[in-house]
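Participant: sharing a model prediction with you, sequence too.
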Amino acid sequence: MKISEIRELTTAELAERIETEVANYATMKFNHSISPLEDNSQIKKLRRDIARMKCELRSRELNK
């Protein structure tokens, strides 16, 4: 997910999306520990997307 797409989301949508992605990340990590994924970079990409979303949400909180 690109930063421009993240900025288009409302704050409520962004918070909801973070929760969903964190749950998805936990599931992916668990599945990877049992049987390796074909593409390990998916975990890395998802972790970075979560970080981008959290960074944007925090930025919005500070700018109020």
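Facilitator: That came through fine.

Participant: which phi and psi values does D39 adopt?
Facilitator: phi -120, psi 100 (degrees, to the nearest 10).

Participant: got it, and E19?
Facilitator: Dihedral angles (degrees, to the nearest 10) for E19: phi -60, psi -40.

Participant: before we move on, what about the one 4 residues further on?
Facilitator: The phi and psi values for A23, taken as degrees, to the nearest 10, are phi -60, psi -40.

Participant: any figure for the gap between it and M53?
Facilitator: Distance of A23 to M53, given as C-beta to C-beta, to the nearest Å: 13 Å. Every C-beta, even on glycine, is put in place using the N, C-alpha and C of the backbone.

Participant: L9 too?
Facilitator: 8 Å.

Participant: touching both of these two, which residues are there?
Facilitator: Taking C-beta atoms under 8 Å, 6 or more residues apart in numbering as the contact rule, L9 and M53 both touch R17.

Participant: look at these two and report which has more neighbours.
Facilitator: M53 (20 against 16; other C-beta atoms under 10 Å).

Participant: and that one, what helix or strand is that in?
Facilitator: Element membership for M53 (DSSP states H and E) is helix 41-62.

Participant: so for that helix, what gets flagged as buried?
Facilitator: Judged by neighbour count (16 or more other C-beta atoms under 10 Å), helix 41-62 contains these buried residues: 46, 49-50, 53, 56-57.

Participant: which among those gets closest to F30?
Facilitator: L46 (13.1 Å; C-beta to C-beta).

Participant: where does the closest residue in space to N40 that isn't next to it in sequence sit, in terms of helix or strand?
Facilitator: With C-beta to C-beta, 6 or more residues apart in numbering as the criterion, N40 has its nearest non-adjacent residue at 7.5 Å, and that residue is H32. According to DSSP H and E, H32 maps onto helix 11-34.
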